[in-house]
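In: structure for this input, please:
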Amino acid sequence: MNQSLLSKGLGRRKEAVAQVFLTTGTGKMLVNDRDWVEYFKRESDRIMINQPLEQTGNMGKFDINVKVKGGGSSGQAGAVKLAIARALILLQPESKTTLKKFGLVTRDSRMKERKKFGRKGARKRFQWTKR
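Out: Just a heads-up that it's a prediction; the model follows:
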């Protein structure tokens, strides 16, 4: 990166962890050194990622470089969304109220429930037979 780093943010969702680096630019976004449209195939994931930028009116103002690992595509998209929101708050503290109003600052704490011993999964049990 030859541009100066403006802000960075960290986001987590399920098992995914995303690091976002904001620099001044034209709105280019790279995810793991690939174009973000190529990386996130689902339209719903792309819409989710753009939410913080749209709500604060920053579409096309920053170049975004993302490093994301772990989890699946929707978990990674949620992690990127939170990381972008946190990076924007560091850059523009006045945007926190707007982002909070749309629920973009809150970390989604829902995780996969662990498998319990003596059971088939987290909640499923083996079939009971009387005879």
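In: can we go C-alpha only for contacts and neighbour counts from here?
Out: OK.
In: got the end-to-end distance for stretch 96-107?
Out: 14 Å (C-alpha to C-alpha, to the nearest Å).
In: next one: stretch 86-102
Out: Stretch 86-102: ends 14 Å apart by C-alpha to C-alpha.
In: hmm, who's touching it?
Out: 6-11, 20-22, 52, 55-56, 85, 105-106 (C-alpha atoms under 8 Å, 6 or more residues apart in numbering).
In: can you say which of those residues are buried?
Out: Among these, those scoring as buried are 7-11, 20-22, 52, 55-56, 85, 105 (criterion: 16 or more other C-alpha atoms under 10 Å).
In: quick check, nearest of the residues you listed to residue 130?
Out: Nearest to residue 130 among the buried ones among the contacts of stretch 86-102: residue 11, at 49.5 Å, using C-alpha to C-alpha.
In: which one in the contacts of stretch 86-102 is the model shakiest on?
Out: Among these, residue 6 carries the weakest pLDDT, at 88.
In: so that one, which of the three states?
Out: Assigned with DSSP: H, G, I helix; E, B strand; the rest coil, residue 6 falls in the strand class.
In: still on that earlier bit, any chance of a markdown table for the buried ones among the contacts of stretch 86-102, columns distance to residue 123?
Out: Below are the buried ones among the contacts of stretch 86-102 laid out as a markdown table (distance: C-alpha to C-alpha, whole Å):
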| residue | distance to residue 123 |
| --- | --- |
| 7 | 42 |
| 8 | 39 |
| 9 | 35 |
| 10 | 32 |
| 11 | 29 |
| 20 | 36 |
| 21 | 40 |
| 22 | 42 |
| 52 | 36 |
| 55 | 39 |
| 56 | 42 |
| 85 | 35 |
| 105 | 31 |
